[in-house]
Structures are given as structure tokens and as C-alpha cells.
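Q: All I have is the shape, not the residue letters:
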């Protein structure tokens, strides 16, 4: 990915654009990213700076370096397949390393070496392509020095790809987004109500099939992968997961992972 030098940053944006970025940055640091209304406001701010069709904020949890979404905010409406997205079913191997980056990291679909692989991915086929989305621009968000998630903007087929100037604007805004996330302790939800010490899988009184599913979750497998391994449908996997969540008194696979330890 091409990175701009300090001198190049100064020539990318004119004075009026800088003034707008600073105004949005000031408003951004006052947001509380634990509130859905403020998360949506952040997307509106980003859309004021960078023309786009839609934006999302994906909050992530990280298991053994693998990013799994735990919460998504989206304007103007929810995306198709949101439940599968939140279950981590659309996260193939190639983008996972991006979430381990530290500091400001902005990237476009055109910056990814695996761009062609992305267009062959399930996420592109089932979420982006049906909505006519062709281009994306993302900035990684950190809270208190730890990966938090990402803010992504989308453009439709026929619209121009995101430019170097768009990357410059996003890179300048990112530290203020990080500050808003850190200031309000965003990202702590996935660890809420967890015991100090994880419990054993055998303590949950699971059926044999539920135990198999839970074990595969502990190994970082998505619903799609679990369905293939067990030779069942994804719908069946989801039913087993819901039953497991109920017995474990958790809301998602991230909380389940942190709750459990092997016998």
C-alpha cells in the first residue's frame, strides 16, 4: 500500500478541506461510541468528508489474532446477511492480518494485493455484489491501544474508486476516532459479565452434538466451516449455537470463547 509523506499530506488537501476535516475531528472526539446514535453520527461525519453510498462501523473481538465482528452499525439500513456477518461467516483468511496493525492504517479495495480474491469471496458475492457495492475504503480503529474494529465507506459500481485524497482525509480523522473509542471505553461489551476464571466445557451440560459445535467454535471455525465439518446445514449449526449460548448464559461466540476452557 502506498503511504504519503508529510510533505505530500500537506499538498493533498486545500485550506477549506483542512478546515472541514478539523471541524469534523472536533465533533468526533465528543462522541460516545458505546451509543448507537453516536456511532451512526460518526458515519454521517465521515460521509460529509468523503462522498460515498453507505458506511458501516464493525466492532471486533480478537481470538488468537483472528478478527470476529461482534457489533455492526450501518446507514441508511441494515445489510443483507447481517446475522451471518456477526457470526463471522464472511471473514476469510486474507483480511485477518490487517486487524493486527497498530497506529493509523487506512486501506482501499484497490490497495489489497488479494483484491481479486476479495471479489471471489463469499462476503463480496452475498453482501456487496447484490447491493451493487464495488469499492470500499476502511480505517482501522483502536481503543486504548488495542484493536477495536473499523469504519468502512462504500461506493457503487460505476462510481469512482476511492482516491489518494480520500485516504488522506481518513488518515487524518482516524486518531480522533480512536480517541472517541478510548475515552468511552468502547469495545468492552464482549467481555461483560464474564467470570474471572473460565469454566470447563464439560460443566455446561451440552448434548454430544452441542459439545462438538462448541469445540469447533473454540478452534475459531465459522458457522460455514462447522456445517461442512459436521455435514449439516448452517441453519442447524445456528440452532445448536443458540442452545449453547442459552446454557452458557452468553450472547455470542466471542463471549463463549472467553467463558470456556478445555476440560
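A: Alright, I've got the coordinates. All values derive from a computational prediction rather than experimental measurement.
Q: three-state assignment of residue 244?
A: Three-state assignment for residue 244 (DSSP: H, G, I helix; E, B strand; the rest coil): helix.
Q: Next one: it relative to residue 152, how far apart?
A: 30 Å (CB to CB, to the nearest Å). C-beta here means a position set from N, CA and C on the backbone, and glycine is covered the same way.
Q: Below-threshold pLDDT in the stretch 51-200 of the chain: ranges please.
A: Within the stretch 51-200 of the chain, the stretches falling below the threshold (pLDDT under 70) are 62-68, 74-102, 112-117, 184-199.
Q: in it, which spans are helices?
A: 82-86, 115-119, 122-123, 164-183 (DSSP state H, counting those that start in this stretch).
Q: mind checking which of these is nearest residue 222?
A: helix 82-86 (8.8 Å; CB to CB).
Q: quick one, which of the helices of the stretch 51-200 of the chain is packed in tightest?
A: The highest average neighbour count among these, using mean count of other CB atoms under 10 Å, belongs to helix 164-183 at a mean of 20.
Q: other SSEs contacting that helix?
A: The elements that helix 164-183 packs onto, with contact taken as 3 or more CB pairs under 8 Å, 6 or more residues apart in numbering; DSSP states H and E, are helix 6-12, helix 15-28, helix 36-49, strand 106-108, strand 133-143, strand 146-156.
Q: can I get the ones you listed in CSV with mean neighbour count and distance to residue 223?
A: Output for the helices and strands packed on helix 164-183, formatted as CSV (neighbours: other CB atoms under 10 Å; distance: least, CB to CB, whole Å):
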stretch, mean neighbour count, distance to residue 223
helix 6-12, 11, 42
helix 15-28, 14, 34
helix 36-49, 18, 25
strand 106-108, 21, 27
strand 133-143, 22, 23
strand 146-156, 21, 20
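Q: mind giving me TSV with these and columns for distance to residue 164?
A: Formatted as TSV, the helices and strands packed on helix 164-183 follow (distance: least, CB to CB, whole Å):
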stretch	distance to residue 164
helix 6-12	7
helix 15-28	13
helix 36-49	14
strand 106-108	9
strand 133-143	11
strand 146-156	15
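Q: list the buried ones in the helix or strand hosting residue 241?
A: If you go by DSSP states H and E, residue 241 is part of helix 234-248. By 16 or more other CB atoms under 10 Å, the buried positions in helix 234-248 come out as 234, 236, 237, 238, 240, 241, 244, 245, 248.
Q: Closest to residue 26 out of the residues you listed?
A: residue 245 (40.8 Å).
Q: which residues sit in contact with the closest one?
A: Taking CB atoms under 8 Å, 6 or more residues apart in numbering as the criterion, residue 245 is in contact with 251, 252, 256.
Q: Quick one, grab the pLDDT at it.
A: We have a pLDDT of 85 for residue 245.
Q: How about residue 29?
A: 90.
Q: cool, and the one 3 residues further on?
A: Model confidence at residue 32, given as pLDDT, is 87.
Q: In three-state terms, label it for me.
A: coil.
Q: Look at it and say how many residues are nearby.
A: Burial measure for residue 32: 15 neighbouring residues, criterion other CB atoms under 10 Å.
Q: close enough to count as contact, it and residue 180?
A: Yes: using CB atoms under 8 Å, residue 32 makes contact with residue 180 at a distance of 7.5 Å.
Q: residue contacts, residue 36?
A: With CB under 8 Å, 6+ apart, residue 36 has these contacts: residue 73.
Q: Which strand residues bridge the spatially most central residue of the chain?
A: Taking CA atoms, centre = their mean as the criterion, residue 58 is the residue nearest the geometric centre of the chain, at 3.2 Å. Assessed by DSSP bridges, residue 58 has beta-bridge partners residue 72, residue 150.
Q: ok, now how distant is it from residue 238?
A: Counting by CB to CB, the gap from residue 58 to residue 238 is 20 Å.
Q: Same check on residue 138?
A: For residue 138, the distance to residue 238 (CB to CB) stands at 28 Å.
Q: before we move on, what about residue 217?
A: 12 Å.
Q: Could you do residue 250 as well?
A: Taking CB to CB, one finds residue 250 at 15 Å from residue 238.
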